[in-house]
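Undergrad: Sequence first, then the predicted structure, then my questions.
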Amino acid sequence: MDEQGAKDYYMIAIWGTGSAGSRYKNIVESLGYTTKMLKRKPNGDSFDFDTLDLSDIEAAIICTPTSLHKEQAMHFLNNSIPVLCEKPIAHTYKDGRELIACASANDTKFKVAYNQRFYGAYKKFRDPQWGKPIYAESNWSELVSGWHPREDYRESYACRPDLGGGVPLTLSHDFDWWTGLFGDLTVLSVHHSTGDLDLDIPTSYDIVLDNVDSSVQVNMHLDYEGSERYYLVEYENGILKYNPLLATLTWNDEEVFLEHNTYSTERKQSFVNTFVNFIDDIGTPPYLTDWELGLTALEVADTVENWK
């Protein structure tokens, strides 16, 4: 925005009218922008790109199932329209590389909506006062049947590999969390199992990662079955632990101040900050995930998804 508050972008296209698309519609309009909502045709066919009027669109947000990200995002990028894409950036690492190449060739801004980089605790984990990190672990256990009670979870994108669902891709926030903190990570081992959710996909993963210089090992657990979540890093001076659901951060069991004291307020504000950062292009990593870091997180998720 300029000094008078005039906006650089006026019309924001939002592709997808589900929970994520509706959330961004409310955020975008609350900040004074106009939205154009795009969705599939009633018969389920893909939107006809040739009939889409781009003349008044200044930026786009992709909030569709992961399998559709590449085609939809590339349409805007090929027309030099900046894109904010919901995570992960694409269905496969190969698709992600093609998408990044498209953004680079068109010299057009492309960001990935890993909103949890805006959590206050994430910034705390990067604070050098804790000393050198030695070890890290995380647990994201969340019952998938409770996400969208209005629909059969077995038919939701999160449980359908053909739409880009499955635990590693859907919960890829944690791969972005750790690659953002520790850089490129190598997958050392993956163990997965299928629980009692009447699904034909693995619903629980235990993953061991190692960073490039082998200075930090990360033990991760992801599943669709429970209700626990935390991030822990052991530094040379002590242990920092974050519980997003309780919005608590502790250093050696002593509470550390966080601006938002509930999960709902932290989460809501992180989506607002994601959009504002995309539009204003303010700040640098570790804030909004750029295409290179988005591709890094996807590479780890893709490796875990296809682990034999």
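TA: Arrived safely, thanks for sending. Note that the coordinates shown come from a computational prediction; the quantities given were computed from them, not determined experimentally.

Undergrad: Please make it C-alpha for all contacts and neighbour counts, starting now.
TA: Noted.

Undergrad: and the closest residue to residue 175 other than its chain neighbours, what does it touch?
TA: Excluding its sequence neighbours, the residue lying closest to residue 175 (Cα to Cα, 6 or more residues apart in numbering) is residue 297, at 5.3 Å. Applying Cα atoms under 8 Å, 6 or more residues apart in numbering to residue 297 gives the contacts 88, 172, 175, 176, 179.

Undergrad: Repeat that for residue 80.
TA: Contacts of residue 80 (Cα under 8 Å, 6+ apart): 106, 107, 108.

Undergrad: Buried ones among the residues you listed?
TA: Neighbour-count burial (16 or more other Cα atoms under 10 Å) applied to those gives 106, 108.

Undergrad: pLDDT below threshold where in the stretch 101-250 of the chain?
TA: Across the stretch 101-250 of the chain, nothing is flagged by pLDDT under 70.

Undergrad: Helices of the stretch 51-200 of the chain, residue ranges please.
TA: 69-77, 93-105, 120-125, 167-170, 173-182 (DSSP state H, counting those that start in this stretch).

Undergrad: Name the stretch among the ones you listed that sits most buried.
TA: helix 167-170 (a mean of 24; mean count of other Cα atoms under 10 Å).

Undergrad: hey, C-alpha coordinates of it in CSV?
TA: Output in CSV follows, covering the C-alpha atoms of helix 167-170 (Å, rounded to 0.1, in the frame of the first residue of the first chain):
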residue,chain,number,x,y,z
VAL,A,167,-1.4,-37.9,5.9
PRO,A,168,2.0,-36.7,4.6
LEU,A,169,0.6,-34.2,2.1
THR,A,170,-2.3,-33.0,4.2
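
Undergrad: Break the chain into its domains for me.
TA: Here the domain assignment for the chain is 11-115, 116-305, based on automatic domain parsing.

Undergrad: What segments of the stretch 101-250 of the chain are strands?
TA: Ranges of strands in the stretch 101-250 of the chain, per DSSP state E, counting those that start in this stretch, are 110-113, 133-142, 185-193, 204-211, 217-223, 227-235, 238-243, 248-251.

Undergrad: can you list these in CSV and add distance to residue 25 and mean neighbour count?
TA: Shown next, in CSV, are those (distance: least, Cα to Cα, whole Å; neighbours: other Cα atoms under 10 Å):
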stretch, distance to residue 25, mean neighbour count
strand 110-113, 14, 26
strand 133-142, 26, 20
strand 185-193, 34, 16
strand 204-211, 33, 20
strand 217-223, 29, 21
strand 227-235, 28, 18
strand 238-243, 29, 20
strand 248-251, 29, 19
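
Undergrad: got JSON lines for those strands, with distance to residue 268 too?
TA: JSON lines is the format used below for the strands of the stretch 101-250 of the chain (distance: least, Cα to Cα, whole Å):
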{"stretch": "strand 110-113", "distance to residue 268": "13"}
{"stretch": "strand 133-142", "distance to residue 268": "18"}
{"stretch": "strand 185-193", "distance to residue 268": "29"}
{"stretch": "strand 204-211", "distance to residue 268": "27"}
{"stretch": "strand 217-223", "distance to residue 268": "23"}
{"stretch": "strand 227-235", "distance to residue 268": "18"}
{"stretch": "strand 238-243", "distance to residue 268": "16"}
{"stretch": "strand 248-251", "distance to residue 268": "16"}
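
Undergrad: Which one of these lies nearest to residue 96?
TA: strand 110-113 (11.4 Å; Cα to Cα).

Undergrad: Tell me which strands that closest one pairs with, and in which orientation.
TA: Neighbouring strands of strand 110-113 in its sheet, by DSSP bridges, are strand 83-86 (parallel), strand 289-290 (antiparallel).

Undergrad: so how far is the longest one from its chain's centroid?
TA: A distance of 10 Å separates the centroid of the chain from that of strand 83-86, by Cα atoms, centre = their mean, to the nearest Å.

Undergrad: Run through who's touching it.
TA: 59-64, 69, 73, 76-77, 109-114, 275, 278.

Undergrad: same thing but 10 Å
TA: 12-15, 20-21, 58-66, 69-70, 72-74, 76-77, 103, 108-115, 274-275, 278-279, 288-291, 294 (Cα atoms under 10 Å, 6 or more residues apart in numbering).
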